[in-house]
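[1] got a sequence here, can you model it:
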Amino acid sequence: MIEGLGLVVILAFVTLIFGVIRGYFQIIIPQILLLAVVVYLLIRVRVKIAKAEKEKLRTRIDELEDKIKTLAGEQR
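    You can find the predicted model right below:
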C-alpha cells in the first residue's frame with residue numbers, strides 16, 4: 001500500500017510541475033488536493049505500521065521474560 005501511495009505522490013508531483021509550467025489551474029488545484037490527501041494517508045499508514053510493530057515487539061519481549069522466569073525457576 002505504501003508503494004502505491006508513493007507512486008501516486010510522484011505522479012501527482014510531476015503533474016503539478018507540468019501544470020505550474022504551463023499555467024493550467026485546472027491541473028494545479030486538483031493535484032494539490034490529491035497530494036494533501038495522499039500525504040495524509042501515508043502518515044496514517046506509517047503510524048499504524050509503527051503501532052503494530054511496537055505491539056509485536058512488546059509481545060515478543062513478554063514471551064522472552066516468561067521464558068527467563070521459567071528458566072530461573074528451574075535452576076533453583
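[2] could you find the closest non-adjacent residue to the most centrally placed residue in the chain?
    Centrality entry for the chain: nearest residue to the mean C-alpha point is R46, 2.2 Å, by C-alpha atoms, centre = their mean. Of all residues beyond its chain neighbours, the one nearest R46 is I2 (7.5 Å), with distances taken as C-beta to C-beta, 6 or more residues apart in numbering. All C-beta atoms are positioned from the backbone trio N, CA, C, and that covers glycine.
[3] you'd agree the one you found is up against R44?
    No: I2 is not in contact with R44 according to C-beta atoms under 8 Å; the separation is 10.9 Å.
[4] quick one: low-confidence residue ranges for the protein.
    Applying pLDDT under 70 to the chain picks out residues 75-76.
[5] so where do the helices sit in it?
    Assigned by DSSP state H, the chain shows helices spanning 2-22, 25-75.
[6] give me whichever of those is most buried.
    Most buried of the helices of the chain, by mean neighbour count (mean count of other C-beta atoms under 10 Å): helix 2-22, with a mean of 13.
[7] run the angle between that helix and helix 25-75 for me.
    160 degrees (axes from the mean of the first three to the mean of the last three C-alpha atoms, to 10 degrees).
[8] and for helix 2-22, what's in contact with it?
    Contacts of helix 2-22 with the rest of the structure, by C-beta atoms under 8 Å, 6 or more residues apart in numbering, involve 24-28, 31-32, 34-35, 38-39, 41-42, 45-46.
[9] try it again with 10 Å
    If you take C-beta atoms under 10 Å, 6 or more residues apart in numbering as the criterion, helix 2-22 is touched by 24-39, 41-42, 44-46, 49.
[10] off-centre distance for it?
    18 Å (C-alpha atoms, centre = their mean, to the nearest Å).
[11] again with stretch 56-70
    Going by C-alpha atoms, centre = their mean, where stretch 56-70 is centred and where its chain is centred differ by 27 Å.
[12] thanks a lot, catch you later.
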